[in-house]
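1. only geometry, no sequence info:
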């Protein structure tokens with residue numbers, strides 16, 4: 001069950017009429033299934049730094065902003081496509097843009113001359129297009145809510161680019177992610193975000209699940225992917241050559257500033273296990289070392305430590321908060337401590353299994369393999385992936401444990417929830 005298991009706030013920063021939540025969030029990751037192309041990020045496997053936000057593109061066909069032929073230009077998209085007309089069309093489908101920032105999430109796309117938004121919130125959307133790496137590309141968005149608050153994304157130092165290559169073709173860098181760079185209220189209050197890329201770049205392999213054909217017009221998957229067939233009857237090696245690599249230049253949040261206050265996100269080079277060298281391009285991986293909050297003076301700090309060595313993927317080990325007075329005296333709270341399942345475990349390797357809180361309380365998590373059965377038969381099997389089985393929590397040493405057991409159904413009926421064939425969801429809670 002890949003739901004968020006834990007989230008704790010590091011700071012809620014505000015600038016009069018604006019507010020910005022900042023937290024570290026954890027969602028279990030099946031590292032084995034992710035393979036050698038998995039990047040643990042700057043706060044370790046499964047963890048993410050929730051500060052600001054991002055718009056991310058899912059590209060379909062050519063980029064929407066491609067001059068004259070992209071979906072931004074009239075007459076280039078036909079919602080009903082006959083396979084025989086693939087070669088005469090400029091664009092097959094609009095790009096999708098997903099967003100997540102400051103409590104807003106959803107998706108929008110440019111359909112037949114206007115933006116269509118799929119979200120609980122409404123926005124006015126403006127774009128910025130410029131020439132980067134020798135081609136026209138989207139470099140920024142401004143989203144404004146009905147109450148007049150505007151959110152700016154991208155710009156000079158807020159865009160992540162990726163490029164595509166395989167055995168037969170390559171694509172010059174395309175903007176794929178636009179990070180939140182500024183929040184501004186109608187009253188003139190503002191919060192600014194700065195990023196850097198640390199001159200790093202990595203490649204991640206993506207296998208295209210499509211048939212290799214000698215006739216593009218008879219094979220829609222190949223036509224959509226713009227693949228040129230190697231031969232009429234490709235060998236296994238030739239099929240393997242269609243593994244695509246996406247080279248990504250990641251952006252790292254370095255600071256957030258407001259009126260009289262700032263937050264610094266300080267990084268160091270990580271010595272944790274990295275990609276298979278086959279996928280590494282240049283630069284190095286980073287880890288978030290600490291977060292410093294300043295308001296005239298440094299008054300709060302969060303220090304992060306990691307399980308970090310060349311044989312293990314980077315994992316967050318502890319987070320400790322310290323308060324610093326104006327006379328520079330330091331008061332440190334007990335740290336959050338994190339323990340993980342062994343990397344050799346056959347169910348949920350390297351997944352968070354225990355959190356110890358500053359209060360002395362804790363949360364324990366246990367997992368089980370995913371399973372499935374074929375409807376109408378007795379056939380049953382397990383496969384890669386896992387789900388949560390039980391959670392045991394105590395707020396402090398003196399509290400009773402709150403035990404939550406999870407059961408999952410393997411049929412359309414709803415049998416006894418205390419058996420292995422129980423229904424999905426929380427079925428049993430007990431205090432011990």
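-> On my side now, so go ahead. Note that the structure is a prediction, hence the values are computed from the model and not measured.

2. do you know how far residue 105 is from residue 59?
-> Taking Cβ to Cβ, to the nearest Å as the measure, residue 105 falls 20 Å from residue 59. Quick note: C-beta positions are derived from backbone N, CA and C, even for glycine.

3. next one: residue 173
-> Distance of residue 173 to residue 59, given as Cβ to Cβ: 12 Å.

4. that older thread, same drill for residue 105 and residue 59, tell me which one is more crowded.
-> residue 59 (17 against 13; other Cβ atoms under 10 Å).

5. and that one, what does it touch?
-> Contacts of residue 59 were listed using Cβ atoms under 8 Å, 6 or more residues apart in numbering, and they are 95, 174, 176.

6. restricted to strands, list those residues.
-> 174, 176 (DSSP state E).

7. redo the contacts of residue 59 as a markdown table? Include neighbour count, pLDDT and distance to residue 18.
-> Written out in a markdown table, the entries for the contacts of residue 59 read as follows (neighbours: other Cβ atoms under 10 Å; pLDDT from 0 to 100; distance: Cβ to Cβ, whole Å):
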| residue | neighbour count | pLDDT | distance to residue 18 |
| --- | --- | --- | --- |
| 95 | 22 | 92 | 30 |
| 174 | 22 | 87 | 32 |
| 176 | 22 | 92 | 27 |
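
8. which of the contacts of residue 59 sits closest to residue 135?
-> For those, the residue nearest residue 135 by Cβ to Cβ is residue 174; the value is 8.1 Å.

9. let's see the pLDDT reported for the closest residue to that closest one other than its chain neighbours.
-> Residue nearest to residue 174 in three dimensions, not counting chain neighbours: residue 63, with 5.5 Å by Cβ to Cβ, 6 or more residues apart in numbering. In this prediction, residue 63 carries a pLDDT score of 88.

10. try the one 5 residues further on
-> Per-residue confidence at residue 68 stands at 77 (pLDDT).

11. make sure it is indeed in a strand.
-> No. Counting by DSSP: H, G, I helix; E, B strand; the rest coil, residue 68 is located in no strand; its state is coil.

12. what about it, how many neighbours?
-> The number of residues packed around residue 68, counting by other Cβ under 10 Å, is 10.

13. need the distance between the two termini of stretch 349-366.
-> One end of stretch 349-366 to the other measures 11 Å (Cα to Cα, to the nearest Å).

14. list the buried residues in that stretch.
-> Across stretch 349-366, burial judged by 16 or more other Cβ atoms under 10 Å covers 349-353, 355-357, 361-366.

15. do you know how far the closest residue to residue 320 other than its chain neighbours is from residue 38?
-> Of all residues not flanking residue 320 in the chain, residue 335 sits nearest, at 3.7 Å (Cβ to Cβ, 6+ apart). When distances are taken as Cβ to Cβ, residue 335 and residue 38 turn out to be 26 Å apart.

16. between those two, which has more neighbouring residues?
-> Each of residue 335 and residue 38 had its neighbours counted (other Cβ under 10 Å), and the higher figure belongs to residue 335 (19 against 16).

17. and the more buried one, what's its pLDDT?
-> Reading off the per-residue confidence, residue 335 sits at a pLDDT of 94.

18. how much space between it and residue 94?
-> Taking Cβ to Cβ as the measure, residue 335 and residue 94 are separated by 47 Å.

19. where does residue 31 fall, phi/psi-wise?
-> Here the main-chain torsion angles of residue 31 (degrees, to the nearest 10) amount to phi -70, psi -30.

20. residues in contact with it?
-> Counting by Cβ under 8 Å, 6+ apart, residue 31 touches 38, 45, 313, 349, 350.

21. flag the shaky bits of the stretch 101-250 of the chain, pLDDT-wise.
-> Counting by pLDDT under 70, the ranges of the stretch 101-250 of the chain that qualify are 164-171, 198-247.

22. the helices in it, which residues?
-> With DSSP state H, counting those that start in this stretch as the definition, the stretch 101-250 of the chain shows helices at residue ranges 220-224, 236-240.

23. so what secondary structure elements neighbour the top strand by length along the chain?
-> With DSSP E setting the assignment, residue counts place strand 380-396 as the longest strand in the chain. Helices and strands touching strand 380-396, by 3 or more Cβ pairs under 8 Å, 6 or more residues apart in numbering; DSSP states H and E, are helix 31-34, strand 360-373, strand 402-407.

24. now do the longest one against strand 380-396, angle only.
-> Looking back up the chat, that one is strand 360-373. Here the directions of strand 360-373 and strand 380-396 differ by 170 degrees (axes from the mean of the first three to the mean of the last three Cα atoms, to 10 degrees).

25. looking at strand 360-373 now, give me its mean pLDDT.
-> Per-residue pLDDT values over strand 360-373 give a mean of 86.

26. what do you get for the first one?
-> Taken as a whole, helix 31-34 has a mean pLDDT of 71.

27. who touches the helix or strand that comes right after it?
-> Of the helices and strands lying after helix 31-34 in sequence (DSSP states H and E), the nearest is strand 47-51. With contact meaning Cβ under 8 Å, 6+ apart, strand 47-51 is reached by 7, 20-27, 41-43, 253, 256, 263, 265, 288, 316.

28. buried subset of those, written for PyMOL?
-> With 16+ other Cβ under 10 Å as the criterion, this PyMOL line picks the buried residues out of these:
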select buried, resi 20+22+24+26+41+42+43+253+256+263+265+288+316
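
29. contacting residues for residue 263?
-> 11, 13, 22, 51, 255, 256, 257, 291, 292, 293, 294.

30. got the helices and strands packed on strand 380-396 as JSON lines, with distance to residue 302 columns?
-> Output for those, formatted as JSON lines (distance: least, Cβ to Cβ, whole Å):
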{"stretch": "helix 31-34", "distance to residue 302": "25"}
{"stretch": "strand 360-373", "distance to residue 302": "20"}
{"stretch": "strand 402-407", "distance to residue 302": "27"}
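
31. so for residue 248, which of the ones you listed sits nearest?
-> It is, among the helices and strands packed on strand 380-396 and with distance given as Cβ to Cβ, helix 31-34, at 14.9 Å.

32. gap between residue 68 and residue 134?
-> Counting by Cβ to Cβ, the gap from residue 68 to residue 134 is 17 Å.

33. same check, this time on residue 120
-> Spatial separation of residue 120 from residue 134 under the definition Cβ to Cβ is 39 Å.

34. now do residue 141
-> For residue 141, the distance to residue 134 equals 22 Å [Cβ to Cβ].

35. likewise residue 104?
-> For residue 104, the distance to residue 134 under the criterion Cβ to Cβ works out to 34 Å.

36. what's the neighbour count on the nearest residue in space to residue 190 that is not next to it in sequence?
-> Among residues not flanking residue 190 along the chain, residue 184 sits closest, at 4.6 Å (Cβ to Cβ, 6+ apart). Residue 184 sits with 20 neighbouring residues when counted by other Cβ under 10 Å.
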